[in-house]
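> the sequence isn't on hand, but the structure is:
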Ligand SMILES: Cc1cc2nc3c(=O)[nH]c(=O)nc-3n(C[C@H](O)[C@H](O)[C@H](O)COP(=O)(O)O)c2cc1C
């Protein structure tokens, strides 16, 4: 794995490398798993006896998620996008409906999981380094991942070695990145 991370220090000196992988291709089974759980929470009853909460949450996984994730060679995605543009003229609307938008969404979600992992590791005394720098195609082949899987990032972890650390931390000044609105 280290050569596939270009032998950078953080990879070469690490005891472990954890590869974070997005699985947009599994959306059907993930939506079904959520729906199965929700159906256990709310046993079947006629629509007019269901609470608003129950109807909304069931529609979310049975209608909204399939509609957002489904595409047909990008064509349905563009159709959805045009409809969103028109509707969006009149009211606030969710705009991430094309396949490329969903890629951003799953990578964002996976980034949160990676961050949780790094914070948890720090809490029990380990060091981590998130790495964007890798040959993702070769990593996929090495790990025998399916076509629909994408490498989000590789996180090295263990106890830091002095030669594995680049140097002092750099921080963009807080005032440059934070803007308080109102008042
Ligand atoms: C998008 C992204 C890509 C990164 N890629 C690498 C990388 O390839 N190799 C590496 O050593 N660190 C990489 N880093 C990690 C940074 O070097 C740095 O450790 C991190 O952003 C902030 O760490 P700090 O909070 O300890 O300053 C990356 C960080 C980000 C946000």
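Ah, there it is. Worth saying up front: this structure is predicted, and the values here are computed from it rather than measured. Numbers count the residues shown, from 1 in each chain.
> helix/strand/coil for the spatially most central residue of the chain?
The centroid of the chain falls nearest to residue 109 when counting by C-alpha atoms, centre = their mean (2.5 Å). The three-state label given to residue 109 by DSSP: H, G, I helix; E, B strand; the rest coil is helix.
> and it, what does it touch?
Residues in contact with residue 109 (C-beta atoms under 8 Å, 6 or more residues apart in numbering) are residue 22. For glycine as for every other residue, the C-beta is placed from the backbone atoms N, C-alpha and C.
> strand partners of the strand ranked longest in the chain, parallel vs antiparallel please.
Determined from DSSP state E, the single longest strand within the chain is strand 150-158. Here strand 150-158 has these sheet partners by DSSP bridges: strand 16-22 (antiparallel), strand 127-131 (antiparallel).
> can you check what pLDDT the model gives residue 87?
Here, the pLDDT recorded for residue 87 equals 97.
> from the ligand, how far off is the closest residue to it other than its chain neighbours?
With C-beta to C-beta, 6 or more residues apart in numbering as the criterion, residue 87 has its nearest non-adjacent residue at 5.3 Å, and that residue is residue 93. Going from residue 93 to the ligand by C-beta to the nearest ligand atom, to the nearest Å gives 29 Å.
> residue 93: how many residues sit nearby?
Under the neighbour criterion other C-beta atoms under 10 Å, residue 93 is assigned a count of 13.
> from residue 15, how far off is it?
Taking C-beta to C-beta, to the nearest Å as the measure, residue 93 falls 47 Å from residue 15.
> repeat that for residue 117.
As defined by C-beta to C-beta, residue 117 lies at a distance of 15 Å from residue 15.
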